[in-house]
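Trainee: heads up, no residue letters with this:
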């Protein structure tokens, strides 16, 4: 799968009777999509890659990536959604 992705030819993985992704049975197309998604996790830094035990749990995956977004915002000096204004001077400028 990795070689097919890297060379941009996942169609080589299709059974001979299928010409493109639209012709594949759902189960096979879904499996290829999942495999590409899992390979995509390798593009993250090691500390941001989700652990394999949660890959099949959509709720845990959402939470994982939500926490990654929060962490990235904190690292660049931002804040998460729950505390948009961090100091009294800025709070005084907000009307309402």
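Mentor: Right, received. Where do you want to start? Just so it is clear, the model here is predicted, and its values are computed rather than measured. Numbering: from 1, shown residues only.
Trainee: Against residue 16, how distant is residue 38?
Mentor: According to CB to CB, to the nearest Å, residue 38 and residue 16 sit 26 Å apart. In short, each C-beta sits where N, CA and C put it, glycine included.
Trainee: ok, those two, which is more surrounded?
Mentor: residue 38 (13 against 5; other CB atoms under 10 Å).
Trainee: Wait, the more buried one touches residue 56, no?
Mentor: No - at 10.2 Å, residue 38 and residue 56 do not qualify as touching, with contact defined as CB atoms under 8 Å.
Trainee: Is residue 60 in contact with residue 54, as I believe?
Mentor: Yes - Residue 60 lies in contact with residue 54 (CB under 8 Å); the separation is 4.0 Å.
Trainee: All the helices of this protein, residue numbers only.
Mentor: Under the criterion DSSP state H, helices of the chain are mapped to 2-6, 26-40, 58-75, 88-92.
Trainee: Nearest to residue 46 among these would be which one?
Mentor: Nearest to residue 46 among these is helix 58-75; the distance by CB to CB comes to 12.5 Å.
Trainee: Let me know the angle separating the closest one from helix 26-40.
Mentor: Counting by axes from the mean of the first three to the mean of the last three CA atoms, to 10 degrees, helix 58-75 points 30 degrees away from the direction of helix 26-40.
Trainee: elements contacting helix 58-75?
Mentor: On a contact count with 3 or more CB pairs under 8 Å, 6 or more residues apart in numbering; DSSP states H and E, helix 58-75 meets no helix or strand.
Trainee: Please spell out which residues along that helix are buried.
Mentor: Within helix 58-75, the residues that qualify as buried are 64, 68, counting by 16 or more other CB atoms under 10 Å.
Trainee: Distance from the chain centre to it, please.
Mentor: Distance, stretch centre to chain centre, for helix 58-75: 10 Å (CA atoms, centre = their mean, to the nearest Å).
Trainee: what about residue 51, distance to residue 17?
Mentor: Separation of residue 51 from residue 17 (CB to CB): 38 Å.
Trainee: now do residue 6
Mentor: Residue 6 sits 25 Å away from residue 17, going by CB to CB.
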